[in-house]
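Participant: here is a sequence together with a model predicted from it:
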Amino acid sequence: MHLLSASCAHVLLLAALLRQVRGLDSVIGLYGEAVEIPCNIGAIKVDDILMTKWKYDKGQGLSGDLLVKQTNQDVVITATDEYKGRVNLTSDLSLRLSEAKLTDERIFTCMVVKSGNIAEYPVDLMVHKSPVGLEISDKAEELEIGKLTKLGTCVARDANPAANITWLKNSKPLVADGKEVVIEESVQGDSDSGLSTTTSTLKYTAKKEDTEAQFTCIAEHPVVEKLVAPPVTMSVTYSTENIILQVIPQDALVEGDNLTLKCVADGNPAPTSFIFYLKGQLEKVENADTFSIINVSRDTAGEYKCALMNDPTMEASKNVTVNYLDVNLIPSGSIVKHAGDALDLALEIVSSSKHKVSWTKDGVKLNKEPKFIKLAFSDAGNYQCEVTTGALSRRAAFELVVEGAPVIRQLSKHRSEDGQHKVLICEAEGSPKPAVSWSINGTSLNEGSFVNGKITHKITVVPSANLTVFCTVSNEFGIDTKAINVSSLFEEVRMDKKDQSEDGDQTKLVVGVVVGLLVAALVIALAYWVYMKKSKQGSWKTGEKENGSSEEEKKLEEKVEENSQKAEV
């Protein structure tokens, strides 16, 4: 080794001053792993360096040698203490240190010699170690509202530097205020390993909303971004402050339903014994919070209460409403009345609220309530009323039968579509169903259904001469007959042809006949007036009655009337 000259000493002093000005470089190594400490030679080439030497600060102004390397020679390990066998030199002149320990946290200096110049590059080595796991210990069994209680202790073990611990509630940091949130933290070093253990204890004053809250702690350290302890949920105890009585089902309770009363208290642990006040009746329930009433009625309605068994002053009440609906229709069932009679209906409704009534007849909705002042056969049928209120619905019904002697409402005729037959139609009303008969044989087209006391009967005939046809309907209450004139089908055909060929002449003939009849009537009336005048004059002369023969006058009047009717035709 070469001795340092005064000029070299001057260079070293200058380098030291420059180092103080610019500050030390630092390197972080991981505990137990190899670390390389660089020799900051800058732009100097390794081949230009004559000698490289590494040493370390032993403290108290002393230094220790580690290794030396001269040009074209191997590295010489000079360490004789704890670094023996742990150090070596890399190709870029960095110091390689294996199995870093906390005791390695010191200043290591690289000294290089180049063409008579000596330079030193000190490096501060720091050894970091992340904490071993993170957990919450000494957890409280439960928290009590309003009472400051130790929730748990968070421990971050064997770290360097010591970890910082933060407490969280529902992922949000807790800030110590010295009253409701108290955090006590301590750091303890291990004398053998030099590692530090951080301990943080949380004391917390719980609130009711903390029942489901999650508490955890995190450790922050330079080696790892963040360590999070498994969260814990604490049971929060508190006395009952509120009590509620629930009615199940809540809405649309009707007669016949089952009712459940449920007493809900907000204490934790929840109360298990209750008292139910059932309209003057007291029921105690243990290890349950419900009481059931089977098949409720309108008498069940009223106010109900529940209370804590150990504190009857803590109570809640609820008004129970039971919907009901009674419908009574008078008369009902099967009703038999005679046509022309009156029928009085009475619909009695008793309900818990406003109701709605609708009527149907034979399944068809009616616009209003039926009223029967004078029954007709068409009033017969099945009537049903439906009364609704809320979810409740009731029905009542009656069957009305209207009986009476049959009446023919209409007797009509028309020619068939092919023109070869006459169709006679007899429409009648009556009940029970009337039997229909005709005074002439024919082919029955059909007999309509018997609905609401109405029946329609059709026959087809081929009349060869003008006829008068009778339709007769009868049942146990009476009989009715009606006649209709039916002309010969052949005569009608002949007249139709004649009408088609003589329409113009026939019109003139009719007008002439009418005018002639009017003239004849006037002549007869004038003759009658002259006759009457002469008769009156003759009786005055002969002494007979002034009015003459009453029989003769009657005959003359009938004659005049007959002629007048012909003239009108």
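Facilitator: Yep, it's here.

Participant: in its sheet, what does the helix or strand where residue 468 lies sit against?
Facilitator: Using DSSP states H and E, residue 468 sits in strand 467-475. Next to strand 467-475 in the sheet, as set by DSSP bridges, lie strand 435-438 (antiparallel), strand 478-486 (antiparallel).

Participant: now the ones you listed in TSV, with mean pLDDT, distance to residue 226 and mean neighbour count?
Facilitator: All C-beta atoms are positioned from the backbone trio N, CA, C, and that covers glycine. Formatted as TSV, those follow (pLDDT from 0 to 100; distance: least, Cβ to Cβ, whole Å; neighbours: other Cβ atoms under 10 Å):
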stretch	mean pLDDT	distance to residue 226	mean neighbour count
strand 435-438	92	105	16
strand 478-486	94	108	14
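
Participant: report pLDDT for the spatially closest residue to residue 441 that is not a sequence neighbour.
Facilitator: Closest residue to residue 441 apart from its sequence neighbours, by Cβ to Cβ, 6 or more residues apart in numbering: residue 461 at 7.8 Å. Listed pLDDT for residue 461 reads 89.

Participant: from now on call the first residue 50
Facilitator: With the count now opening at 50, the last piece we talked about shows up as residue 510.

Participant: and residue 438, which of the strands paired with strand 516-524 is closest to it?
Facilitator: Nearest to residue 438, of all the strands paired with strand 516-524, is strand 527-535, at 47.1 Å by Cβ to Cβ.

Participant: what lies in contact with the closest one?
Facilitator: 453-457, 460-462, 471, 473, 475, 477, 479, 510, 512, 515-523 (Cβ atoms under 8 Å, 6 or more residues apart in numbering).

Participant: what remains of the residues you listed if I keep only buried residues?
Facilitator: Taking 16 or more other Cβ atoms under 10 Å as the criterion, what is buried in those is 453-457, 460, 471, 473, 475, 477, 479, 510, 512, 516, 518, 520-523.

Participant: ok so, going back, how far away is the residue nearest to residue 490 from residue 489?
Facilitator: 6 Å (Cβ to Cβ, to the nearest Å).

Participant: what's the domain layout of this structure?
Facilitator: 55-177, 181-286, 292-369, 452-541, 556-617 (automatic domain parsing).

Participant: the residue nearest to residue 490 pairs with what?
Facilitator: Beta-bridge partners of residue 510, as defined by DSSP bridges: residue 471.

Participant: report the separation between it and residue 117.
Facilitator: Counting by Cβ to Cβ - residue 510 and residue 117 are separated by 151 Å.

Participant: what is the neighbour count of residue 147?
Facilitator: 13 (other Cβ atoms under 10 Å).

Participant: quick one on the thing from earlier: which residues do residue 510 and residue 489 both contact?
Facilitator: Going by Cβ under 8 Å, 6+ apart, residues that sit against residue 510 and also against residue 489 are residue 518.

Participant: re earlier: which one, of the strands paired with strand 516-524, ends up nearest to residue 328?
Facilitator: Of all these, strand 527-535 comes closest under Cβ to Cβ, at 64.7 Å.

Participant: so which helix or strand of the chain has the lowest pLDDT on average?
Facilitator: helix 55-71 (a mean of 36; mean pLDDT, DSSP states H and E).

Participant: next SSE downstream of that helix?
Facilitator: strand 74-79.

Participant: hmm, who's touching that following strand?
Facilitator: Residues contacting strand 74-79 (Cβ under 8 Å, 6+ apart): 84-87, 89, 146, 149, 153, 170-178, 271-272.

Participant: make it 10 Å
Facilitator: With contacts defined as Cβ atoms under 10 Å, 6 or more residues apart in numbering, strand 74-79 is touched by 68, 84-87, 89, 143-144, 146, 148-150, 153-154, 156-157, 170-179, 209, 271-272.

Participant: ok, and the closest non-adjacent residue to residue 255?
Facilitator: For residue 255, ignoring the flanking residues on the chain, the nearest one in space by Cβ to Cβ, 6+ apart is residue 192 at 3.7 Å.

Participant: need phi/psi at that neighbour.
Facilitator: phi -110, psi 140 (degrees, to the nearest 10).

Participant: tally up the residues packed near it, please.
Facilitator: 24.

Participant: cool, residue 446 as well?
Facilitator: Applying other Cβ under 10 Å, we find 13 other residues in the vicinity of residue 446.

Participant: who's it bridged to?
Facilitator: Judged by DSSP bridges, the bridge partners of residue 446 are residue 433.

Participant: and the gap between it and residue 434?
Facilitator: Residue 446 is 7 Å from residue 434, by Cβ to Cβ.

Participant: over to residue 382?
Facilitator: 14 Å.

Participant: can you check residue 378 too?
Facilitator: Distance, residue 378 to residue 434, by Cβ to Cβ: 6 Å.

Participant: common neighbours of those two, please.
Facilitator: Joint contacts of residue 378 and residue 434 (Cβ under 10 Å, 6+ apart) are 394, 396, 398, 443-447.

Participant: which member of those residues is positioned nearest residue 295?
Facilitator: Closest to residue 295, out of all of those and judged by Cβ to Cβ, is residue 443, at 29.6 Å.

Participant: which SSE is the closest one in?
Facilitator: Assigned by DSSP H and E, residue 443 falls in strand 441-464.

Participant: same check on residue 264?
Facilitator: Here residue 264 is assigned to strand 263-269, by DSSP H and E.

Participant: which SSE is immediately downstream of that strand?
Facilitator: Later in the chain than strand 263-269, the nearest helix or strand by DSSP H and E is strand 276-277.

Participant: helices or strands next to that following strand in the packing?
Facilitator: If you count contacts as 3 or more Cβ pairs under 10 Å, 6 or more residues apart in numbering; DSSP states H and E, strand 276-277 packs onto strand 181-186, strand 263-269.

Participant: show me what the first one is in contact with.
Facilitator: For strand 181-186, the external contacting residues (Cβ under 10 Å, 6+ apart) are 200-208, 212, 214, 216, 244, 246-251, 264-268, 275-281.

Participant: SS state for residue 427?
Facilitator: Under DSSP: H, G, I helix; E, B strand; the rest coil, residue 427 falls in the helix class.

Participant: quick one, what contacts the nearest residue to it once chain neighbours are set aside?
Facilitator: Once flanking residues are discounted, residue 427 sits nearest to residue 501: 4.5 Å by Cβ to Cβ, 6+ apart. Residues in contact with residue 501 (Cβ under 10 Å, 6+ apart) are 410-411, 425-430, 449, 451, 478, 480.

Participant: can I get those residues in a markdown table with neighbour count and pLDDT?
Facilitator: Listed next are the contacts of residue 501 as a markdown table, based on neighbours: other Cβ atoms under 10 Å; pLDDT from 0 to 100:
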| residue | neighbour count | pLDDT |
| --- | --- | --- |
| 410 | 16 | 94 |
| 411 | 11 | 93 |
| 425 | 14 | 92 |
| 426 | 22 | 91 |
| 427 | 13 | 89 |
| 428 | 19 | 92 |
| 429 | 24 | 91 |
| 430 | 19 | 92 |
| 449 | 21 | 93 |
| 451 | 25 | 92 |
| 478 | 22 | 92 |
| 480 | 24 | 91 |
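
Participant: what is the nearest of the residues you listed to residue 537?
Facilitator: For these, the nearest to residue 537 is residue 478 (31.6 Å; Cβ to Cβ).

Participant: I'm done for today, thanks for sticking with me.
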